[in-house]
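Asker: need a 3D model of the following:
(one chain, ligands or ions: 2)
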Amino acid sequence: MKVSVVVPLYDEELNVAPLVAELLPVLDGLGCGYELILVDDGSRDGTGAAIEAARGRHPTVIRHVALARNTGQTAAIDAGFRHARGELVVMMDGDLQVDPADIPTMLEAAGDYDLVHGWRWKRHDTAFKRLQTRVANRVRNALTGENVHDTGCPLKVFRRPVIESLKLRTGMHRFFVTLAKMEGFRTLEMKVNHRPRQAGSSKYGMWNRALRGLRDLFAIRWMQSRHYRLDCREIATGEGLANRQEKPVRADGAAEAP
Ligand code: UDP
Ligand code: MG
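Answerer: Ligands and ions are numbered 1, 2, ... in the order given. The predicted model follows:
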């Protein structure tokens, strides 16, 4: 088994070193091959330099993927997914609000599931953000027919076929569970630890989280309503992609003389 860990980073220069310091011992403890893909989403601060410094210290396990400009969290995750080579792919935020210590248990659970997603059951965010999240999860569940406590939890483990099935669009990182279920993948929710942000600041406010998230939710709802599962088979297999070499047939069914 090989594991890839994908972390999107936008203006997180102060978080890169602590992230790597906390994450690598956990990943070493897995006893399998792993790679840590740090994705710089067009940061304006020293995030790129901090990633390079970390890669210099751990060149065998750290990879640095850089987006030419800030393209958003979903795009940064997508860029990481496209570079990931592991059979299991972990996604987590770069601000250490979720706890790397939860990763081994989630990876173990991924033996029986295609997507294991975290539930930050004791949030360490402002009261306003917690309220936003609670309302967002209720509305999302009501519209998508799910029963997920924390659709936007940034700590998730994917089996490779799940990420290969995704065609992402901006904002979709909040709906991975619904997208995976739509494709028939088995999902499992697990309680995970949550901590206050140590350094830097959140990239989201009321407008780009709640309102955009609501608009995106309608798109996901539409996708669900238009989803079909193909149930078809070819009755007889022709050779296909060949040049036709049949003998011409006459109207009475007999083969024509050459
Ligand atoms: N992020 C990113 N591109 C963006 C916005 C955010 O790569 O345009 C990253 C950010 O650096 C962090 C993660 O996505 O690692 C989640 O962002 P943040 O912590 O601001 O979100 P919150 O926890 O407040 O929901
Ligand atoms: Mg955060």
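Asker: need the residues of this structure near ligand 2, please.
Answerer: Taking Cβ under 5 Å from the ion as the test, the list of the chain residues beside ligand 2 reads 93, 95, 97. Where you see a C-beta, it was placed from the backbone N, CA and C, and this is true even at glycine.
Asker: local confidence estimate at the first one?
Answerer: When you say that, I think you mean residue 93. Reported pLDDT at residue 93 in the predicted model: 97.
Asker: contacts only, for it.
Answerer: Residue 93 makes contacts with 7, 8, 154, 155, as judged by Cβ atoms under 8 Å, 6 or more residues apart in numbering.
Asker: same thing with the last one?
Answerer: Residue 97 is in contact with 124, 125, 154, 194, 195, 196, 197, counting by Cβ under 8 Å, 6+ apart.
Asker: let's see 10 Å
Answerer: For residue 97, the contact set (Cβ atoms under 10 Å, 6 or more residues apart in numbering) comprises 15, 120, 123-125, 154-155, 193-198, 202.
Asker: in strands, which of these fall?
Answerer: Under the assignment DSSP state E, the contacts of residue 97 contribute residue 120 to strands.
Asker: which of the contacts of residue 97 lies closest to ligand 1?
Answerer: Taking Cβ to the nearest ligand atom as the measure, residue 202 is the one of the contacts of residue 97 closest to ligand 1, at 3.3 Å.
Asker: now the helices for this structure?
Answerer: 13-28, 47-57, 73-83, 103-109, 127-144, 160-165, 176-182, 206, 212-225 (DSSP state H).
Asker: dump those into TSV; add distance to residue 150 and mean neighbour count as well.
Answerer: Converted to TSV, the helices of the chain look like this (distance: least, Cβ to Cβ, whole Å; neighbours: other Cβ atoms under 10 Å):
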stretch	distance to residue 150	mean neighbour count
helix 13-28	21	18
helix 47-57	26	18
helix 73-83	16	21
helix 103-109	13	17
helix 127-144	6	15
helix 160-165	18	16
helix 176-182	9	21
helix 206	19	11
helix 212-225	13	15
